[in-house]
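**Student:** Sequence isn't available, so here's the structure alone:
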């Protein structure tokens with residue numbers, strides 16, 4: 001934060017930066033894993049920052065949480081057992097448990113302090129924490145996934161930070177293979193895969209390679225806006241076992257969803273699957 005009361009995250013490799021005008025710093029601590037800060041902004045509600053990187057704001061987090069959760073859940077034919085790796089702010093858990101067919105959702109995040117800060121400063125994201133179908137574990141997601149029984153999970157959502165520090169292993173082939181083993185025959189996973197415009201030939205390409213190397217036969221990305229993330233243009237990449245068509249989803253169910261969303265609907269789901277011209281070669285080469 002500078003002396004004019006702006007929080008700025010700069011992206012030197014892209015020659016850009018993102019700033020929010022703030023009123024006050026509400027919280028700061030060094031957890032066992034990362035530096036956690038919470039700010040009150042003038043126009044975007046509260047802001048969570050981890051190790052200097054924007055994680056979410058009150059105003060715009062809905063696009064990320066909804067587009068990471070609902071497309072994969074409406075693509076699976078009958079999701080009952082769900083695992084979230086990461087997701088300590090609990091917004092993903094809230095969106096998953098809007099689906100009444102889900103019988104159990106385990107959220108595994110290594111840093112309990114992120115969840116406790118969210119309960120205090122983002123209580124709206126934590127509204128499902130006491131749902132009897134929810135289980136919050138504060139543990140290593142890599143180790144948890146290794147230990148799961150084969151075929152025991154329907155959907156895995158990897159809601160991680162960038163591939164540095166505690167999250168680095170969540171982007172590797174070994175982790176993808178562990179996810180593949182834990183999923184049932186119709187199982188699906190989705191991983192946040194950063195900005196298509198900034199990271200197409202680096203992280204996004206690596207995610208495709210790791211998923212295919214882990215055993216997944218089908219891979220497909222969705223694209224959507226997240227104002228506070230680098231470039232404002234983000235992606236999530238789905239992977240499925242067998243011959244699942246990741247462009248097909250329960251469109252009738254999505255159109256008649258019995259819960260409220262701010263961004264997601266069946267039309268936005270369909271639109272998010274469209275492939276920009278500059279992405280087509282990567283996806284054709286690596287999606288299966």
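**Tutor:** Sure, I can see it. On a predicted model such as this, the values are computed, not experimentally measured, just so you know.
**Student:** okay, CA-based contacts and neighbour counts for the rest of this
**Tutor:** Will do.
**Student:** ranges for the strands of this structure?
**Tutor:** 6-11, 16-30, 35-41, 46-50, 53-57, 81-86, 104-109, 134-138, 153-159, 183-192, 218-225, 233-240 (DSSP state E).
**Student:** which parts of the longest one are buried?
**Tutor:** Taking 16 or more other C-alpha atoms under 10 Å as the basis for neighbour counts, the residues of strand 16-30 that come out buried are 18, 20, 21, 22, 25.
**Student:** ok, now the fourth one?
**Tutor:** Under the neighbour-count criterion of 16+ other C-alpha under 10 Å, strand 46-50 has 46, 47, 48, 49, 50 buried.
**Student:** Make CSV out of those and add distance to residue 155.
**Tutor:** Below are the buried residues of strand 46-50 laid out as CSV (distance: C-alpha to C-alpha, whole Å):
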residue, distance to residue 155
46, 30
47, 29
48, 27
49, 28
50, 26
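**Student:** now, among these, which is nearest to residue 113?
**Tutor:** Taking C-alpha to C-alpha as the measure, residue 113 lies nearest residue 50 of those, at 11.3 Å.
**Student:** The closest one: what's it in contact with?
**Tutor:** With contact taken as C-alpha atoms under 8 Å, 6 or more residues apart in numbering, residue 50 is in contact with 34, 35, 36, 37.
**Student:** Could you pull up the residues touching the first one?
**Tutor:** Going by C-alpha under 8 Å, 6+ apart, residue 34 touches 50, 51.
**Student:** And it, how far from residue 28?
**Tutor:** 11 Å (C-alpha to C-alpha, to the nearest Å).
**Student:** Kindly give the local confidence score, pLDDT, for residue 288.
**Tutor:** The score at residue 288 is 49. That number is its pLDDT.
**Student:** Residue 272 too?
**Tutor:** With respect to pLDDT, residue 272 scores 97.
**Student:** Residue 206 too?
**Tutor:** Note for residue 206: predicted pLDDT of 87.
**Student:** tell me the contacts of it?
**Tutor:** residue 171.
**Student:** give me the number of residues near residue 257?
**Tutor:** Close neighbours of residue 257, defined as other C-alpha atoms under 10 Å, add up to 15.
**Student:** likewise residue 93?
**Tutor:** As a burial measure, residue 93 scores 29 neighbours (other C-alpha under 10 Å).
**Student:** and the gap between it and residue 86?
**Tutor:** With C-alpha to C-alpha as the criterion, residue 93 and residue 86 are 10 Å apart.
**Student:** what sits in contact with each of the two?
**Tutor:** Shared contacts of residue 93 and residue 86, counting by C-alpha under 8 Å, 6+ apart, come down to residue 107.
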